[in-house]
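[1] When you get a sec, could you give me coordinates for this:
(3 chains)
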Amino acid sequence: MTQGTIEERLAALEARCQRAEDHLEILNLLNTYGPLVDSATAQPAGALWVDGGGYRFTLPDGDTKRLTAPDEIAGMYHWQGHLDLVNAGCAHLTATPRVSVHGDEAEAVGYSMVILKEGERWVLWRTAVNHWTLRRTEAGWRIVERYNRAVDGSEESHETMRKVQTI
Amino acid sequence: MTQGTIEERLAALEARCQRAEDHLEILNLLNTYGPLVDSATAQPAGALWVDGGGYRFTLPDGDTKRLTAPDEIAGMYHWQGHLDLVNAGCAHLTATPRVSVHGDEAEAVGYSMVILKEGERWVLWRTAVNHWTLRRTEAGWRIVERYNRAVDGSEESHETMRKVQTI
Amino acid sequence: MTQGTIEERLAALEARCQRAEDHLEILNLLNTYGPLVDSATAQPAGALWVDGGGYRFTLPDGDTKRLTAPDEIAGMYHWQGHLDLVNAGCAHLTATPRVSVHGDEAEAVGYSMVILKEGERWVLWRTAVNHWTLRRTEAGWRIVERYNRAVDGSEESHETMRKVQTI
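    Now for the predicted structure:
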């Protein structure tokens, strides 16, 4: 670590510092999602993605749907089904994922939950595993694609979990 | 990034490194809270705040209460209602929040849960959204104010969530 | 921070940068565990520990069991009881712990949960408090010992929580 010229050591430090900052900024980005969608703050939630980015998830019937950023994704947070959750009290939680930064691109794999108020308690309305690809933009890090699959014992869910080995 | 004199680059790196360290220290601080209060380790829990700092939360009847650090906050962890949770087995979890560091001050917005053992399972006894303000002290980062609102569909909860946009 | 020769400032920055990177790499390591074991990816899960490292946990009857890495730990993820969880859909979540890095050794204290799909919902099948010791190896950070105790109101669970003060 302490080898090299001053120029080499400064350049190495700048790159290492950037990578730690990127990791922390990505954690901030992913932890901004929940509070936005749980308060039906739709447009800013859609803007967490790059233009044309996507959110792909499985529907209860097993089909997969992909919504495009920003408008289709933002639009989902005004669907009646979503507003019913918001009005009852819900929390979309992003468990801290494994994050891998590679220059101006990054990937993350981790769990997410939707917690819903029901009577005097809260229940786990959904638990899912996610794979995100991310990109550095002039406005900061943004999501390129998010794939979300219910934790349901399916091969698709297990394949998504195993991506944690290769990101 | 690689522009500037050696002095300028060193100073920039020192500031950037400090900010990443601050972010990580704040995560450590907030993740110290749960294990302390769940083991009724009251005085150290109160000392996570600056002297005179506050913990404001809503009571079941909708009223808001503010306890002052360190004594009133520490005192709460010896209330019978709290000890009942501790004895049954509880975990106050701080979901990783969005953290913004601005010099010697910082803010964070994120979710928290109280998990309680009930029979052979655990239940979500409470889910809340939090806004913390924090300050660097000679002893490290401390909480100045924490506002905690149940995730219950209320306008107050949604307003707290939306602070994630402006911190 | 801005005192010292260029050499001293570079060396200080290199050490500080290393420590932040270590903290983030440990978060990545601990958040890799869940997706591996929840997809029965057994050998890589065992390899998160150093050779000869251990995973100690309490059994339902109160006894403590210690499995040795990598084979005994990996083997557990092929036990029928574990595969039943995997096939139903489970998520071993590591809540972000307090992490303390001391050179080539580190410690962490924090909560973990096992979430299980049951009907149309997910339940908290287990909630535990953990104390990890970790070590830097040539292959990166690895777990040396993990102690896991159910959050059940026991003195052992409270003692584990209180370690958050001394790590």
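
[2] Every contact and neighbour count from this point should use C-alpha atoms.
    Fine.

[3] pull the CA atoms of the helix or strand containing residue A:125 into PDB?
    Element membership of residue A:125, judged by DSSP states H and E, is strand A:121-137. The C-alpha trace of strand A:121-137 is given here as PDB (Å, rounded to 0.1, in the frame of the first residue of the first chain):
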ATOM      1  CA  ARG A 121     -49.800  -5.400  14.500                       C
ATOM      2  CA  TRP A 122     -47.800  -5.400  11.400                       C
ATOM      3  CA  VAL A 123     -47.400  -8.400   9.000                       C
ATOM      4  CA  LEU A 124     -44.900  -9.500   6.400                       C
ATOM      5  CA  TRP A 125     -47.100  -9.000   3.300                       C
ATOM      6  CA  ARG A 126     -44.300  -9.900   0.900                       C
ATOM      7  CA  THR A 127     -40.700 -11.000   1.100                       C
ATOM      8  CA  ALA A 128     -38.600 -11.000  -2.100                       C
ATOM      9  CA  VAL A 129     -35.100 -11.400  -3.400                       C
ATOM     10  CA  ASN A 130     -33.700  -8.700  -5.700                       C
ATOM     11  CA  HIS A 131     -31.000  -8.200  -8.300                       C
ATOM     12  CA  TRP A 132     -30.200  -4.600  -9.100                       C
ATOM     13  CA  THR A 133     -27.900  -3.300 -11.800                       C
ATOM     14  CA  LEU A 134     -26.900   0.300 -11.300                       C
ATOM     15  CA  ARG A 135     -25.100   3.100 -13.200                       C
ATOM     16  CA  ARG A 136     -23.300   6.300 -12.300                       C
ATOM     17  CA  THR A 137     -25.000   9.300 -14.000                       C
END
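
[4] contacting residues around residue A:45?
    A:33, A:36, A:37, A:73, A:74 (C-alpha atoms under 8 Å, 6 or more residues apart in numbering or on different chains).

[5] can you check residue A:71 too?
    A:43, A:46.

[6] how far off strand C:121-137 does the strand holding residue A:125 point, in degrees?
    Strand A:121-137 and strand C:121-137 are oriented at 50 degrees to each other (axes from the mean of the first three to the mean of the last three C-alpha atoms, to 10 degrees).

[7] Could you say which helix or strand holds the residue nearest the centre of chain A?
    Nearest to the geometric centre of chain A sits residue A:30, at 4.6 Å (C-alpha atoms, centre = their mean). Here residue A:30 sits within helix A:6-37, counting by DSSP H and E.

[8] Quick one: name the residues of chain A near chain B.
    A:10-11, A:13-14, A:17, A:20-21, A:24, A:27-29, A:31-32, A:35-36, A:38-39, A:41, A:86-91, A:93-96, A:117, A:120-123 (C-alpha under 8 Å from any C-alpha of the partner chain).

[9] try 6 Å this time
    Contact residues, chain A versus chain B (C-alpha under 6 Å from any C-alpha of the partner chain): A:28, A:31, A:35, A:39, A:86, A:87, A:88, A:89, A:121, A:122.

[10] pretty sure the first one contacts residue B:98?
    Yep, that's residue A:28 we're talking about. Yes - the pair residue A:28 / residue B:98 is scored as a contact, 4.6 Å apart, by C-alpha atoms under 6 Å.

[11] neighbour-wise, which of these two wins?
    residue B:98 (27 against 20; other C-alpha atoms under 10 Å in any protein chain shown).

[12] mind listing what the more buried one touches?
    Shown here is residue B:98, whose contacts under the criterion C-alpha atoms under 6 Å, 6 or more residues apart in numbering or on different chains are A:28, A:31, B:108, B:109.
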